[in-house]
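Student: Sequence below, structure please.
(one chain, ligands or ions: 1)
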Amino acid sequence: MKPHLTNEALDTLFRSARTYSAWQSRPVEDGVLRDLYDLMKFGPTSANTTPARIVFIRTPEAKERLRPALSAGNVEKTMKAPVTAILAYDLHFYETLPRLFPQMKNAREMFANDPALAESGAFRNGSLQGGYFILAARSLGLDTGPMSGFSHEQVDEVFLAGTSYKSNFLCSLGVGTTEMLFPRNPRLAFEEACRMA
Ligand SMILES: Cc1cc2nc3c(=O)[nH]c(=O)nc-3n(C[C@H](O)[C@H](O)[C@H](O)COP(=O)(O)O)c2cc1C
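Tutor: Residues are numbered from 1 along each chain as shown. Coordinates of the predicted model:
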């Protein structure tokens, strides 16, 4: 096996990391958002499809456009977050496959001719990339607050109109505060979630 990460790194990525709903007011610089994308983009996706597309909502004006789409319980935490990202996926991700996966000559046509295959692949791999996004953010010293409580129709209409992108989930970014943080909930034990075959 290759050398594994330090305990401190594992704590940062997993064991001590929490989902945050309250935020310090310090901003997240645009350069950090670029660094975040430049890390998460290396996470694997099937046939290197990389269907995730991201809108970083940073300005008060853009936050106001997001507000009506949010579930009641997600409004305040989102409005106060330094940045809230829309994690979306591109149903037409296959248009970039000749460049991203040149080894497979018919990859574009395989997906272009089968919309159901394209949609399931976009959702599966876009969701995986959402997980890479959270871990990349943590590795850069950011806290995250993922949310699925919002109207997909409204978000798609306001922020993704005229594209082939569909919203998957939202994720706030910043430095979290312990306000609104409930005690860590348990996780399933290995014996409950896994079996050896
Ligand atoms: C895809 C996704 C959607 C979520 N949606 C919401 C949400 O709409 N509102 C909310 O308050 N928390 C939401 N959460 C937060 C989860 O409840 C939280 O991550 C989980 O309880 C684990 O908390 P912990 O990371 O602090 O242990 C969501 C988390 C994920 C990953």
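Student: Can you pull the phi/psi pair for the residue in the chain that the ligand sits nearest to?
Tutor: Closest approach between the chain and the ligand, counting by Cβ to the nearest ligand atom: residue 149, at 3.0 Å. In short, each C-beta sits where N, CA and C put it, glycine included. Main-chain torsions, residue 149, degrees, to the nearest 10: phi -80, psi 80.
Student: State the number of residues packed around it.
Tutor: 14 (other Cβ atoms under 10 Å).
Student: Residue 111 now?
Tutor: The burial count for residue 111: 23, using other Cβ under 10 Å.
Student: Surely it is in contact with residue 97?
Tutor: Yes. Look at residue 111 against residue 97 with Cβ atoms under 8 Å: they come within range, at 7.3 Å.
Student: list residues touching both of those two?
Tutor: Common neighbours of residue 111 and residue 97 are listed as residue 49 (criterion: Cβ atoms under 8 Å, 6 or more residues apart in numbering).
Student: Following the chain past the longest strand belonging to the chain, name the next helix or strand.
Tutor: The residue-count maximum for a strand in the chain (DSSP state E) belongs to strand 165-174. Beyond strand 165-174 in the direction of the C-terminus, DSSP states H and E gives the next helix or strand as helix 190-193.
Student: Return the list of helices and strands in contact with that next one.
Tutor: When contacts are defined as 3 or more Cβ pairs under 8 Å, 6 or more residues apart in numbering; DSSP states H and E, helix 190-193 packs onto no helix or strand at all.
Student: C-alpha coordinates for it, CSV please?
Tutor: Extracted C-alpha coordinates of helix 190-193, given in CSV (Å, rounded to 0.1, in the frame of the first residue of the first chain):
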residue,chain,number,x,y,z
PHE,A,190,-19.2,-1.7,9.4
GLU,A,191,-21.3,-4.7,10.2
GLU,A,192,-24.5,-2.9,9.4
ALA,A,193,-23.4,-1.3,6.1
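Student: From the chain's centre, how far out is it? Work that out for me.
Tutor: The chain centroid and the centroid of helix 190-193 are separated by 26 Å, computed with Cα atoms, centre = their mean, to the nearest Å.
Student: buried set for it?
Tutor: Across helix 190-193, burial judged by 16 or more other Cβ atoms under 10 Å covers no residue at all.
Student: coming back round to it: return the residues in contact with the residue of the chain closest to the ligand.
Tutor: Residues near residue 149 by Cβ under 8 Å, 6+ apart: 70-71, 73-74.
Student: Farthest pair within those residues?
Tutor: The most widely separated members of the contacts of residue 149, counting by Cβ to Cβ, are 70 and 73 (8.5 Å).
Student: When the two are compared, which one has more neighbours?
Tutor: residue 70 (22 against 10).
Student: follow-up on the earlier one: please report how far the residue of the chain closest to the ligand lies from residue 75.
Tutor: 10 Å (Cβ to Cβ, to the nearest Å).
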